[in-house]
Every structure is written in structure tokens, then in C-alpha cells.
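Q: 3D, please:
(chains A and B)
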Amino acid sequence: MFSRIFSFEIIRWFKHPVFYVYCAIYFALAYFTTISNLGAFDSITATASQPVYFNAPIKIAGFFNSYSTLIYFLLPTIIGAAVYRDYLYQVHNLLFSYPLDKLSYLSAKFLSALTVVCIIAIITVMAYYLGQFHPGVNQELIGPNRLEAYVGGFLIVILPNFLLFGSIIFALVTFTRNVYVGFVFVLILLLLQTVLDIATQNMDNKYLVALWDPFGYQPIVYYSRYWSVEEQNTLLLPLSGVMLHNRLIWSGLAILILGFTYYKFSFSQLGISFGRAKTAERVTKNNFGSIIQIKLPLVHISHSFWNNLKLSWRLSHQDFKYVVKNWTFIILLMIAALFVLAIMSVGGMLFGTVTYPVTWQVLSTMGSVYSFFLIIMILLFSGMLIQRDQQQNMKLLIDATAVPNWVLLTSKVIALFKMAQVVLLISLLTGVIYQAYNGYYKFELGHYLFELFVLDNLKYLVLIGFAFFIHSFFKNYFVGFIICLLIVLGMPLLSRIGIEQNIFKFNNDPRFSYSDMNGYGDIRHYLYYRLYWLLFAGFLFALTLLFWRRGIISSVKDRMQQAEKRNKGVLAITAVLLLLGFFGLGYSIYYVNNVVSTRYSNKEREVQQVTYEKKYGHFKKLPSPRLVDVFTKIDINPEDRTFTAEGRFIYINKTKQPIDTLFMNLNGEVKSTVNIHWALKDSTKDDELDVRLYTLAKPILPGDTLKVDYRLANLGNTFLRDRSIILANGTFINNSIFPSLTYTEAVELVDNSVRAKYKLPDRDRMADPSDSTKLGNTYISNEADWINFEAVLSTSLDQIAIAPGYLQKEWQENGKRYFHYKMDSPILNFYSFISAKYEVKKEMVGDKHMEIYYHKGHEYNLDRMMASIKKSLAYYESHYSPYQFQQLRIIEFPQTYGTFAQAFANTVPFSEGIGFIAKVDETDPDAMDYPYAVISHEFAHQWWAHQVIGANVKGATMMSESLSEYSSLKVLEHTYGKQQMHRFLKEALNSYLEGRAGERIKENPLMYNENQGYIHYNKGSLVMYAMSSYLGEDAFSKMLQAYNQKTAFQYPPYTTSLEFVAMLKEHTPDSLQYLIKDMFETVTLYDNRVEKTTSKKLSNGQYEVTIDFIVSKYRTDEKGKRSYEDSKGTKLTAKGEKKEINSLPLADYIDLAVFGEPKKSGEHSIDRQILSKRLKVDQIKNQVRFVVKEKPTEVGVDPIHMLIDTDTDDNRKKL
Amino acid sequence: MNLTIQNLNKTYKNGVKALDDINLNIGPGMFGLLGPNGAGKSSLMRTIATLQSPDSGSITFGDLDVLNNKNGLRNVLGYLPQEFGVYPNLSAEELLLYFADLKGIHKKEDRKKIVAEVLQITNLYDVRKKSVSGYSGGMKQRFGIAQMLLNHPKLIIVDEPTAGLDPAERHRFLNVLREIGAQHTVIFSTHIVDDVRELCHELAIMNGGKVLFRGSSAEGEAQLAGKIWTKRIERADFDQANSQYQIISSNYNQDNTLNIRVLSDESPDPSFQAGQPMLEDVYFVALKKDVAHV
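A: Below you'll find the model as predicted:
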């Protein structure tokens, strides 16, 4: 019996065209993803390149994970409907009268469906494999294919998940007889995945997360999260430990569910249905046979256009009611709302920081969720509405009435549009409720209404038209839905084959962005794109009408004939007009983007980088004049977002050679005119690369001065969008608007595999510090050392314009407000111009002017920022050197430019998106005081960047970013106490480890880092903090002070990390020299852990604690390959529980701590060390005994995570 | 107004010729379309009702070109398909108001007025608040009539409406139909001869997509006058009789003997009695002839 049903089901699927459609779609998608990742489209797109092999085991598992997620959408129809189908086609009446046995019936149904899904998955996997042999793919991205990796991935990610989710959906659909319930479950799954991702980021116990993740992806992350490139390329995912346990737990649950289904299923059962039971009333017939007379009252019948319009509106009520009363809709909406609240309440985490729930942030957080749901709803319900008449068998009745097709379609469009309004309204309410719940009462209803009901609506309207169009060609709305979904989800993939412009990607647009300071800014480009797609949707609407299924269509021919007949009159003219409008507007947009402004594809940009290097690379070696003096006049016109600028720049030939040619790079974002006060022989323009070459009539001799005047203006704003870089409120531009007189190495390609393709020699991202010829430039500017700076800015009357320097004079003239700034000492060639409507908070700290320029309404953290300024100033002046300026200005800028802060001389622009709206929970010991930390970091740059600046070679950022981050940690430590430090350090450690796992080229040791964020910020702060801890804060500060004294404000050759490290070595005792080798010169990691710990109460009431701990240390090369042997080839080994433990030879100082009962602080508990010891360790296995006065609860080795260790969870153990 | 059908042809994708050069002219009154299942009746009805396009041919109603002005016809059309469903959980009244809307009755009062009236006519007024999806077969058919009447149709097409109705329902249904037929053109398809006999003054017999007979039932019967002979035989003798005579129909008696009706220009045998031609004979003769042709 089992085999009969099983094979019948399998054969049925094989005969079903839908099966092949699914296979083809998934095969094609997977194949396409594969070959585009492998660079098959390199000839039309930017070159694909990455260090981890495309088919590394971890990548295979990742691929399987993402594709099986896509296949979940098939589970309801394939596995879910396996039994349900028998009910649907009423086969059950017959079937269940046969002597079937329940077990064979159910198991055959389930297993055959599972097999079918697995076949589709295997076909997808085959596409992934076969794609690697596609002609023209980049073989360097492919490693050896290993069968175990594929099998392992299948067993870990695919099979158990299909089993688990399949069994749940099988049970749900079988019992409810409703495929939607299965479908809703899939949607919940998708969300659950996202929620888990977000929630687990903050969970400390990664093991538990890995154990309980139903998708089986967290165990993979658990093992591989910190894998280096080398490890990712070679290691197989272990099918043991937490991975195995996780898979067994969930597969076990699947079997339980199946067992339950078996137990509950009976052949005669009725479906469980949601919703009210219909009120059953007895209806009886009466009085038949009477002869009646028919006299119908006279009614007026009209199908005039106006009446039809009104009719569409009235008819839409019916469809609208149907949708909103539908349980699928209600459940989806509820899930969306709950999901939004869940996300928002996960600490209100946005951009990794807790902020006040300001409206734009609430909108952006929930926007993505609601829009995801709304898109799903539109794609689904459009199908249900269009197929509804047919399904209820009412179609012929309706189609025989004289209602025009367009009325029917319009009414359905209106119904869906109304549904969208319901969802948007709910999202508005969710937002407001969330804000109120969090005690935030600045409800900006206008803002909500405008974004949701105006801007967003324009998007959904287009989607509605599109969805009806697609669905009108499919009788089965599930197929229509999948097709719609794939088209919508597939749009971003078009970039992979070089289709990058929004006008070629359905329903795409350059998004709008909101800023409290600048509002929606220049929003008209968005509106034009929306109009463009609306015209397209209108055209689709006309096409839908052309092919509208009225009555019975028996063949394609029928349909074509009908369409041909309809293709005349108003419909044809409207369609043509809409199409013309679409193309017309499309062409205008194209014209503005490609002809008025030049637009380069990613591929073209890559080629430009190559051309730049090949054509002008030799200028690297030629001498160039150096900028010494900058005077600028900037006139900003916020009203019409234009500006003009004038720059009078003075250069000196500081080299010992005459200069006969000037190489000039222009900024393509502005219009520039150049006036060189020197006789020219010749000049050439290269507009594509924005390069000018000037041959001088006579050379600039060493020591000669060159004056150049620049005049800049914004690019003209077009009908479509502003091309100007000026905003109505909150302009923030920097020195890069001006031309520079040197070749810019930063333009060159850095990925050597891509360079090889263009026959460029290998290069490192930065030069080696030991190369003395490379020390002539700072890493901030390659055309200047220290410059004199003066600026006159003008802006509108209600705005304040700011540049580095001190305000000399402020006045009004010609309806504008002028500011004259001048710096009294030379600064780096790095300055900015800002203009906005500001409120100002000013305070004097000693003789220093401390000022915060902020947007009205963003007062939340001003005191906190000011406190940080004071504390930082005190610490830095006492530990490093005096502050070189009389003033510090923190200046808020719109998040349109991003969410960062940046330090210019005495000026720190700080994004409104972070800090200013941060909400800091003072009572939570784990909460990060972001505004405080960012201010102290940026302020520290006034010393570590604006006093001491490294040469433009490897390691340069260690003396700016690492030291600033360290400084910030120190200020935090002095403010909040040591007990908060482990949190920051752990954060830094985690970011570093994740960063190195994602390294695309190579991981350098700290002192050779090539401007790599995860090294210079995260590892740098850890290392500096550890050094300061080992040497003692005073000793380390003395060293920094000495280094500052030696190198501050120096001229070339600039300092390097070599000099820093050499000096550090002098300040480090012999016993600690190993730290410098480990932390600065190499990439060294520990694998420390507490093996075992016991405590016993002594007779004197004290406690004796025994700790068995393991210390192991290893180095990795630039790809992450481990080695345990030192340069002499010695290594330590010890026997571990399962395998041998190796380590580099040790003579290391390791911290050990014993913790007592945690201290309570409100609802939080704070760690409390009762004993802390630094021990010298030379063995892998160690045991120590301590006697402590009170009851110990926990012990730890390196308890505050100062050392780099990929697994910090095992550093502590509870007693 | 006359409905004129000329040279109507339709072949389905699977090769079935549903309409084979149909020519019909139908005047006001009740017109019966008689034929076995699969004869092409529904295809013809749907084609007239603008719900299906023919491969070739023309249909006019009065001076209205039906195939090229579908909505023109729909304005004056009442159509009741062989099978239909309705949106669930909606009452008869709600649904009728909905249909009144679809049919272009744009004033609210008008809609209310006419819906109340058709509910009365079809005797559904008392159950107007009940959900139609819960109606019995007969009530549902009456609902079908009610929706049909909303736009004062001049051409009414009902496709096998009596199938599955109990006798009382059927009776009532036919009465309503007759009442409507007095004023309009009603085309009524069925495979039950009695329906047509009771109701229609004219009829056509269809099979295999062709019209086999066209006329009134009296005409049909007149054609067979003196050609119908009946006899009572034993069940065992049937096969022999069947090979010997052209049996058009036979039915059992309670004692398991058979009455056979035979078509013959003269008395085949003295044991036969002359029979009075009935519409049923006309029907079966037409079908048999058609089979003989094939």
C-alpha cells in the first residue's frame, strides 16, 4: 500500500508541468547566482573577486541556507497539500472508503512530497555545482570541490529543515484544509529568521543560541563566526557537538509532530477551520405552484463613464471586504504588527545603538517590515481577487452582465489600494503606540501621513497594477504569486549583469531619505520616478484589459483574437498614450542621468581606475608643488541649493627639482575653472578622468611660489534632481571640492586578482613604512604638509556657516549672512564647510570655548556631550599634551551624508543619526554611552591626527584611530569605572574577529595595517588598552607623551608605526617585550579557557578556590593559517580531552579573577571581582589556588577579554 | 425581436466540434433547445450569451450584432448558466444588489426597488437575509432567475435549469419562466423532453454540435403521424425485435414486460398498435437519424 501511494504521488508530480516550472525557476536562479558570483559577467560588470572560495564548505552551507529559504515557499503546495489535495478534489469520499491503512497513507503522502521537495533542492544544488563549469567564469574564485561539503550542507541545512518545517506545514494544512495556513507559516518562518538574527546578536550565550536555532544556521555561525579566510577555505563544518545536537533536537520534534498528525488524523475528519461557524438556520420551502404575474418596476440603467466610475468605487467595497475579512490577511497583519513591536523593543536597537524613537527612525524600522508584508499581500490578494469569481463559480453570472471590463479591474485595483491604506494606517498606529509606550510624545503625524500615504503609496500603486497584470495570465494564483515574487525579488540581481540604472529595473527608484534637519530634501527625483512607473503600471493596466478573461477562453488563439478585437478605440489610444508617456519620461530621466550628467557603470568605473593608473601613474614619481596657504570664499545659497566658491591657493616647490608640468585632479561633482598664475605652454583636458595637465613655459624652481585661483560652482540642478552638493538645511562639504595638484594613488585598484586581469602589477593597499621614500606625505593629504587656512563663508540669514578656524567677523550684506574664519596656526590640509539653522550651546572650560551646534529639538544629549568634552580635555591635556586650539565645536549634520562623526581642526561634524538622538540608559551597566564615547574619540583626534600624524604608509592609522579609540576607552574608564570595561573590550574583540573573517584581501598585523577598520579601531583599542594595563597607565601615558613630543606638528619625513613601536619597546621591560611581538608585529591569538574549578569552605570561614585553566597561543598568517611554532621551531603540546592542545612557547602574564555575588543595580546586576591576580604562565595546563574571604560564584581567565581569543565564553566558569 | 444565428462554428482545442454550422432563427416566446448531454447546447448558449467566441459565424438580436457589440447584448440579456456559485457568506439581498449594480442600475432606490420585486417574484423574500451559499438547489435556481430579471432582459438564456430540482420546485420554476417567456425571447435548454413539451411553442433538437430538428412540437409530431407503432413484448424478445424493427424507445412495465415504440411507414406487424406520436418520439427519431448518418 505504501509503495503504491508513494509511487503514484511521485509519478503524479513528474507528470505535472508545475514541477518542471519550479525546477526550471530554481535551477535558473541558482545557476545565475553562481555564475554571476563567479564573474561570468565581468565583461559587463565590475570584476567579481573575493578571497574565500565560492565553493568553500562554509559558502556551500550558506548557499544551501539561503536557497532552502526560497524553497520553503513551495512547502505549502507540495508537502502541505499532499493530503489536502484529496479533499480538494473530493477524492477523499472515494478514497477513504477503501481499506487504506492510516500509516501507509500518511507516510506515503508525506515522504513522497518530501522527496519531491528534495529533488527540487538537489536540482538547485546541481545548478550551483554546474555553474562552476560555465564558460568564462573566473577559476581563481573556485577551490577544490569536495563531495563531503555538499553532502554535509545537505544534511545540515536542507534535509532537517524540510523535515521540520515540512512536518509542521503538513500537519497544519492537513488539519485546517487550508493551504494559506501553511503559507502564513512560511512567512512567519522568514520573519523568525530575521528576528532570531537580531535577537541573538545581543545574546551572550552563543552556545544556547546555536543549540536552539530551528534553522540550523546558528550552529554554523557558532563554529565559523571567527574563521579566518584560510579556515573558511579548508575546514568542513563539523557534524558533531552543538551542530549535531541541534539537528537532532529539531528532527526529533519533526518526528513528534508527524506522530501527532498520525495520531490525530482520521479518514472521516472534517477540517478545522478558523473563523465563525456559519449560523445555521433551517430554511423551509413554502407555497409552490402559485401562478404569478411579473411586473417589474421601471429602473434606469446606465453605463455612462461617470456612473461606471462610481460603480467601480462601489464594487470595490465588496472585494475590499473580502480581503480584509480574510483570515490570511488578518493573520499576516497581526504578525506584521507583532513583529514590528518585537524588533523595535529589542532594545530599540537601530544602527547598533539605542536611540529615541524619533519618527523617521520608527518609520524606517517598521517601514521595511510593513512593506515586506504589504508586498506579499498585494501579490497574493491580487491573485485571489482576480481568480475569485472563477473559484466561486460566479464568473459566468458576472460576465454576462453589461459591466465593462475596466470597471471590474478598476474595482479590484481600488480594493487592493484600500487594503494597502489599512496596512499603512495600522503601521502608523503601531509607530505612534510604540513611541507613546517609550515615553516619546513628539508625534509628527504630518510626517507619518506624508511618508506612508503619499510617498509609499506611489510605490504600492505600481505594484498593484503589476500584480494584476501577471495574475491575469495564470489560472492558479499560487503560480502567479510565485512568479510575481520572483520578479520583484529578482530585480536587484539585474545589477549583476550590468543593468544598473533604476529606469531599467521595475518599480525601482533612487530612494528618498529623511533627515530631521533637511526634511525629505530634494524629493522630486523620487516623484518623477514614481510617475514614470505609474505610467508603466497604467500601460500594464491597459494590457491587462486587453487580455482580460471575460467568459470562457478556450485557447491562446481565442485570447489573442479577443485582444485584437479589443485593441481599438479608447483602450488602444490610452495604452499608446501611457506607453508614450512612459518612454518619454524614461528618456528624459535617461537623458538627465546619462547625457546631462555623465554616469558611469561599475564596469566603466573599474576601467577608469585602470586607465588612470596606466595613463598617469608615472606622475607618482614626478615632483609636485606643495600647498601651504588656503584662502577661500564660499557663497552658499540654501534657498535654491546653489553655491559658488573661490579659492586662492599658494603652493611652494619644496622639492629639490624644478617642476615643469602640473598634474591636476578635479572634482567632477562641481564645475571648476582654474587660473594658474604662471606662464603656460600647453594644457590638456581629460574630462572623463577629471584630469588636467599643464605644461609650464618655465619650470617652477625649488623654493618658488605658485599661485592658483580656483572658481567653483555647483553643477546645474535639473528638472529631475539637484545635482548641486548644497542642501536646503545642513550643507556639509569638505576640501575635496577643490582640485588637487597631485596624482591620487587612492584611485588605483587594490585587489590584486582584479589588477592581474588588467595586467597591472601587484600592489599593497599602502606602502611599507620601512621605505623611506614614502614618508613625504601624511595619510590625510598627498599635496600638503601644514597649511595656513582662512575662509569667508556666506549663507542665508537664518543659517550659521562654519569652517575651521576662529571667527574673525560676522556681518550681513545683500540679504546674506557672512562669517570670516581664520586659523592662527597651521593645520592639516583637511577642512570642511557647514551651513545650517543651528541652536548653540556654549561653555567655557578654562580658557577654551566649547560649543555644540545642534538642530532644534535634538537637545537630548547636549549635557552628556559637554561632560565628555570636559573629561576628555582634562585627560588628554594631562596625559598627552596641551590642546592646540582655543575652541572645539561639535556640529550636527544631516544623516543624508551618513551616520558618522569626523574630526577636523577644532571642528567636529557629527551626524544627527547617531549621538544626538541616542538614548542612554544610565542604570544599565551594559549600555554603551555612545554620545560620550564618540565625542571623546573625535576629540582625541585633535591630538592623534591633528598633532601627530603618520606618513601615508602601513600602520599610519594606528597612531590616529587606535590611539583615539584607546583614549576614548580611558575616558570611559575614568568616568564609569573599570567594571564597564569588559563590555567595551568584548565589543571591540567581537568586531575585530568578525572583521577579520570578512577580510577580502589580507589581514595585517596592527602596526602594518592598511587602513583596515577592524584592525585599527577594534584590535587597536584592545592592544593599546592591554599595553596600558601591562605597563601601567602612567608608564604608557609617559611613552605616548614622549612620542607626541617627538612627532607633533612635524614635517616630512613623517612618523611611522616603526618609530612608535621602537619607542614603545624602550618603555617596555624585557619580561613584557613578547607583547609587542604578539600584538603589534604579528597576528597572535589566544585560546584560553577555564577547564575546571572548585571551591571549598575553610575552617576559618574563608574559601579556597582551585582553578584549572588552559592557555594556548598561536599565530596566523595573512590568510589566517595557524602556526604554533616560534621562529626556532619549538612549540608546546599538552594532552587535551579529545585532541592534543598546541601552543607557542609561553612566558605570558595572564589575568585571573574570582567573582563574588554580583552587585544589584536596579534591575541589572554588576560583576564584582573579589580577587584579581596576574600570573606568569609557561605551561598550557595550569592550576592555581586562591583563598578568598567571601563565597566565590565565578572564576575567569583573562576575565575582561583584554587578550584576543576567538572563544571568550569559556574564559569564565561558574562555581 | 428575433435572434438570428448564422453559420456558427466552434471547435475546441481537444478537437471536439461543439458547434457545427448552426443556423437558427428564434422569435419571441419560449424556445426549447433539446439534446443529450454534450450535444453542444451549453456551447451554443454561452456563445449567444457572449461568454464564448465562435470560430466563425454571426449572431444578431434584432439589429444588434452580438459578436461585435457584446455589451450591447449584455444590456438586454438575462443568463442563467447550467451551474453557478456565489461568493460565500453573502445574503440573497446583498448579492442581488451587487448584481443590480453590475447591470448598471446606478440609483440606489432603483436597486432596492427592483431587488425587492425580484425577491418577491421568486418567492425568496422571506429568506433574503440568508446566505445564498447555504440555499437548497431549488432556491439557488430561483436566485438565479432573480438575478436574471434585474435588468429587464429582452433575451433570456437558461441552461438546463431544471436538472436536480424536485418536482414542486421544477413546477414553480417553469411557471416563472413561462411568465417571463410571454414577454421576451427565452431560450431554454434541457435534456428533459417534458420540460419542452410543457413550456415551449418552438424547439430545436441538437446533437454533436448540429441542429437536427427545428420547429414546433406539433410540427414534429405531425411529421411522425402514422409512423409510430407500439407493442408489448417480453424482455427476452427484445434483442430480436431490435434487430427486426427500428425501435425508437422502450420502457418497462411493472411485470417486467417491455413497451416498445417502433418507427415504420406502415404497420410492421399486426401485433403492433398504431401509436400517437409524441415529442419524445420526435426527439429520439432525430437522434437516431443523426446516428444513422454518421
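Q: okay, CA-based contacts and neighbour counts for the rest of this
A: OK.
Q: tell me which residues touch residue A:28, please.
A: When contacts are counted by CA atoms under 8 Å, 6 or more residues apart in numbering or on different chains, residue A:28 touches residue A:127.
Q: confidence score at it?
A: Per-residue confidence (pLDDT) for residue A:28: 89.
Q: which stretch of helix or strand covers it?
A: When elements are assigned from DSSP states H and E, residue A:28 belongs to helix A:17-37.
Q: quick one: buried residues of that helix?
A: For helix A:17-37, burial by neighbour count (16 or more other CA atoms under 10 Å in any protein chain shown) applies to A:19, A:22-23, A:25-37.
Q: and what of stretch A:541-554?
A: The neighbour-count check on stretch A:541-554 (16+ other CA under 10 Å) flags A:541, A:542, A:543, A:544, A:545, A:546, A:547, A:548, A:549, A:550, A:551, A:552 as buried.
Q: chain neighbours aside, what residue packs nearest to the residue in the stretch 1-150 of chain B that chain A sits nearest to?
A: Per CA to the nearest CA, residue B:51 is where the stretch 1-150 of chain B lies closest to chain A, at 4.0 Å. Once flanking residues are discounted, residue B:51 sits nearest to residue A:551: 4.0 Å by CA to CA, 6 or more residues apart in numbering or on different chains.
Q: strands of chain B, start to end?
A: B:3-11, B:17-26, B:29-34, B:56-61, B:64-65, B:77-80, B:155-159, B:185-190, B:202-207, B:210-215, B:228-233, B:247-252, B:258-263, B:273-274 (DSSP state E).
Q: just name the most buried of those strands.
A: The highest average neighbour count among the strands of chain B, using mean count of other CA atoms under 10 Å in any protein chain shown, belongs to strand B:77-80 at a mean of 28.
Q: which parts of the chain belong to which domain?
A: Let's take chain A. Under automatic domain parsing, the residue ranges defining each domain of chain A are A:2-264, A:305-592, A:625-742+A:783-910, A:764-780+A:945-1081, A:1085-1215.
Q: actually chain B
A: Annotated domains of chain B cover B:3-217, B:226-276 [automatic domain parsing].
Q: what does the stretch 851-1000 of chain A put close to chain B?
A: By CA under 8 Å from any CA of the partner chain, no residue of the stretch 851-1000 of chain A approaches chain B.
Q: where does the stretch 851-1000 of chain A get nearest to chain B, which residue?
A: At 50.3 Å from chain B, residue A:896 is the closest residue in the stretch 851-1000 of chain A, using CA to the nearest CA.
Q: near that residue, how many other residues are there?
A: Residues within reach of residue A:896, counting by other CA atoms under 10 Å in any protein chain shown, total 23.
Q: got the confidence number for it?
A: Here the pLDDT value assigned to residue A:896 is 89.
Q: tell me which element the residue nearest to residue B:51 falls in.
A: Counting by DSSP H and E, residue A:551 is found in no helix or strand.
Q: correct me, but it touches residue B:50?
A: Yes. The criterion here is CA atoms under 8 Å, and residue A:551 meets it with residue B:50 at 7.4 Å.
Q: shared neighbours of these two, anything?
A: Joint contacts of residue A:551 and residue B:50 (CA under 8 Å, 6+ apart) are residue A:400.
Q: so which residues on chain A come close to chain B?
A: Within reach of chain B by CA under 8 Å from any CA, chain A has these residues: A:283, A:288-294, A:296-297, A:299-303, A:307-308, A:311, A:315, A:389, A:392-394, A:396-404, A:550-555, A:558.
Q: buried ones among those residues?
A: Buried among those by 16+ other CA under 10 Å: A:294, A:296, A:299, A:301-303, A:307-308, A:311, A:315, A:389, A:393-394, A:396-404, A:550-552, A:558.
Q: among these, which ones are in helices?
A: Among these, DSSP state H puts A:307, A:308, A:311, A:315, A:389, A:396, A:397, A:398, A:399, A:558 in helices.
Q: contacting residues around the third one?
A: Remark: with contacts taken as CA under 8 Å, 6+ apart, residue A:311 is in contact with A:407, B:101, B:102, B:106.
Q: and for residue 57, nearest residue in space, chain neighbours not counted?
A: No chain was given, so I picked chain A. Closest residue to residue A:57 apart from its sequence neighbours, by CA to CA, 6+ apart: residue A:149 at 5.0 Å.
Q: the chain in question should be chain B.
A: Per CA to CA, 6+ apart, closest to residue B:57 is residue B:8, 4.1 Å.
Q: how far away is the one you found from residue A:1181?
A: 97 Å (CA to CA, to the nearest Å).
Q: over to residue A:142?
A: On the measure of CA to CA, residue A:142 and residue A:1181 end up 41 Å apart.
Q: same check on residue A:1011?
A: To residue A:1181, residue A:1011 is 38 Å away according to CA to CA.
Q: the more surrounded of these two?
A: Higher neighbour count among residue A:1011 and residue A:1181: residue A:1011, with 22 against 19, using other CA under 10 Å.
Q: that's a strand at that one, yeah?
A: No. Checked against DSSP: H, G, I helix; E, B strand; the rest coil, residue A:1011 lies outside a strand; its state is coil.
Q: what sits against it?
A: Applying CA under 8 Å, 6+ apart, the residues near residue A:1011 are A:954, A:955, A:956, A:957.
Q: give me the pLDDT for it.
A: pLDDT recorded at residue A:1011 is 91.
Q: how about residue A:976?
A: 83.
Q: give me the residue from chain A nearest chain B.
A: Ranked by CA to the nearest CA, the top residue of chain A for proximity to chain B is residue A:551, at 4.0 Å.
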